[in-house]
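K.L.:
attaching a predicted model along with its sequence, questions to come.
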Amino acid sequence: MVERTLSIVKPDGVRKNVIGDVIGRFEKNGLKVLALKMRHLSKKEAEGFYAVHRQRPFFASLTEFMSGGPVVLMVLSGEDAIRKVRELMGATDPAKAAPGTIRKDLAGSIEENIVHGSDGPDTAAFEIPYFFNTLEIHG
Ligand code: ADP
Ligand code: MG
């Protein structure tokens, strides 16, 4: 099924100059960029985005990190896009991520792990309109 998913190059990815590397991996694997923008999230915006994690011990640190520098937000589309992006990302902890994945190749820690991807259809349905309105999505 053709799906849409939200991905983010996190502040560590922007800082490390790997925006193109991450987007290139998506494009080479058949995903299409439907929307793209750079934003510096406020703490509140990061907290809203990660609201499902607000009870987790790393919530404060995660939202500090995510609002600590600009990010690249994008909507991707393709066959099985949600699972495909998650596969290309690799496990949350780069130490546990499979070889050849974005996190294994580029990430420094379980928190600063370069990239976000929606983890299911319901999540994508919340995350895409959190950052993009209909007119910004070229699908
Ligand atoms: P994923 O991004 O792989 O879907 P989660 O949804 O579980 O992972 O967590 C969201 C983000 O929170 C992670 O990508 C990472 O930046 C951060 N995170 C997750 N687990 C931890 C942890 N144990 N310590 C610090 N940060 C974490
Ligand atoms: Mg997640």
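P.N.:
That came through, no problem. From a predicted model like this one, the values you see are computed outputs, not experimental measurements. Numbering: from 1, shown residues only. Ligands and ions are numbered 1, 2, ... in the order given.
K.L.:
list the buried residues for stretch 29-47?
P.N.:
Neighbour-count burial for stretch 29-47, counted by 16 or more other Cβ atoms under 10 Å, picks out 31, 34, 35, 36, 41, 45, 46, 47. Every C-beta, even on glycine, is put in place using the N, C-alpha and C of the backbone.
K.L.:
whoops, I mixed them up, stretch 6-23
P.N.:
Residues of stretch 6-23 classed as buried: 6-14, 16, 18-19, 22-23 (neighbour count, 16+ other Cβ under 10 Å).
K.L.:
quick check: the farthest pair among those?
P.N.:
Largest separation among these by Cβ to Cβ: 6 and 16, giving 20.8 Å.
K.L.:
SS state for residue 3?
P.N.:
strand (DSSP: H, G, I helix; E, B strand; the rest coil).
K.L.:
is it true that it touches residue 86?
P.N.:
No - with contact defined as Cβ atoms under 8 Å, residue 3 does not reach residue 86; the gap is 11.6 Å.
K.L.:
before we move on, the earlier item: from the buried residues of stretch 6-23, which land in strands?
P.N.:
Members of the buried residues of stretch 6-23 lying in strands (criterion: DSSP state E): 6, 7, 8, 9.
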